[in-house]
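> Got a predicted model here, sequence first, then my questions.
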Amino acid sequence: MALLPILQYPDPRLHTLARPVKEVDARIKTLIADMLETMYDAIGIGLAATQVNAHERLIVIDVSEQHDDPLVLINPEITWASAEKVMNEEGCLSVPGIYDGVERSTQVKVTALDGNGQSRTIEAEGLLAVCIQHEMDHLLGKVFVEYLSPLKRNRIKTKMLKSRRDTEKSN
Ligand code: NI
């Protein structure tokens, strides 16, 4: 297994549209293992393949307290989303240190393949529902800061670019 570099906003590659996974083969299984390792190492609760510059429809999630209950969703599709929405504070491993409110459906139903290529349907609510919607946005090339006002988004962009320059200077 290997830790993968996580693309940092505003990297334009984060806006790539992911293509469906054709086959859950050894290559995809390695990518899943690497993504899980990368997510746990970064102390995140979700990671989309887009964020590690692999533009295929694959996300990994673990919202459990003990970080021992990984969920793998391949080619996920939301088949139903509740009309009821709620505002949650969200963060993202591609936008470290930034947290802001995004409105999401409180419940969703998702069909996807699991890590063994088996089809499954998940009914999610609470944090899991939010996380699934956030990660699936990544597969469409959308980062959560794009829900915020242009003013806020530009401030975040400036801050991220500045902190990257500072990091590069100190390296
Ligand atoms: Ni994210």
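Perfect, I can see it now. A quick note: this is a predicted structure, and the numbers were derived from the prediction, not measured. Numbers count the residues shown, from 1 in each chain.
> where does R153 fall, helix, sheet strand or coil?
Put simply, R153 is helix when judged by DSSP: H, G, I helix; E, B strand; the rest coil.
> Please identify the buried residues of the longest strand anywhere in the chain?
Taking DSSP state E as the criterion, the chain has its longest strand at strand 71-81. Across strand 71-81, burial judged by 16 or more other Cβ atoms under 10 Å covers L71, V72, L73, I74, N75, P76, I78, A81. C-beta coordinates here come from the backbone N, C-alpha and C atoms, glycine included.
> hey, C-alpha coordinates of stretch 158-171 in PDB?
Extracted C-alpha coordinates of stretch 158-171, given in PDB (Å, rounded to 0.1, in the frame of the first residue of the first chain):
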ATOM      1  CA  THR A 158      -6.100  33.500  -1.900                       C
ATOM      2  CA  LYS A 159      -5.400  31.900   1.500                       C
ATOM      3  CA  MET A 160      -4.700  28.500   0.000                       C
ATOM      4  CA  LEU A 161      -2.300  29.900  -2.600                       C
ATOM      5  CA  LYS A 162      -0.500  32.000   0.000                       C
ATOM      6  CA  SER A 163      -0.100  29.000   2.400                       C
ATOM      7  CA  ARG A 164       1.300  26.900  -0.500                       C
ATOM      8  CA  ARG A 165       3.800  29.700  -1.400                       C
ATOM      9  CA  ASP A 166       4.900  29.800   2.300                       C
ATOM     10  CA  THR A 167       5.300  26.100   2.400                       C
ATOM     11  CA  GLU A 168       7.400  26.100  -0.800                       C
ATOM     12  CA  LYS A 169       9.600  28.900   0.600                       C
ATOM     13  CA  SER A 170      10.300  27.000   3.800                       C
ATOM     14  CA  ASN A 171      11.100  23.800   1.900                       C
END
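> quick one on the thing from earlier: I'd like a version of the buried residues of strand 71-81 in CSV, one that adds distance to V143 and pLDDT as further columns.
CSV is the format used below for the buried residues of strand 71-81 (distance: Cβ to Cβ, whole Å; pLDDT from 0 to 100):
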residue, distance to V143, pLDDT
L71, 21, 98
V72, 22, 98
L73, 19, 98
I74, 21, 98
N75, 21, 98
P76, 18, 98
I78, 18, 98
A81, 20, 98
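> Okay, and the most centrally placed residue in the chain sits in which element?
Centroid-nearest residue in the chain, with Cα atoms, centre = their mean: E135, separated by 3.2 Å. According to DSSP states H and E, E135 maps onto helix 126-139.
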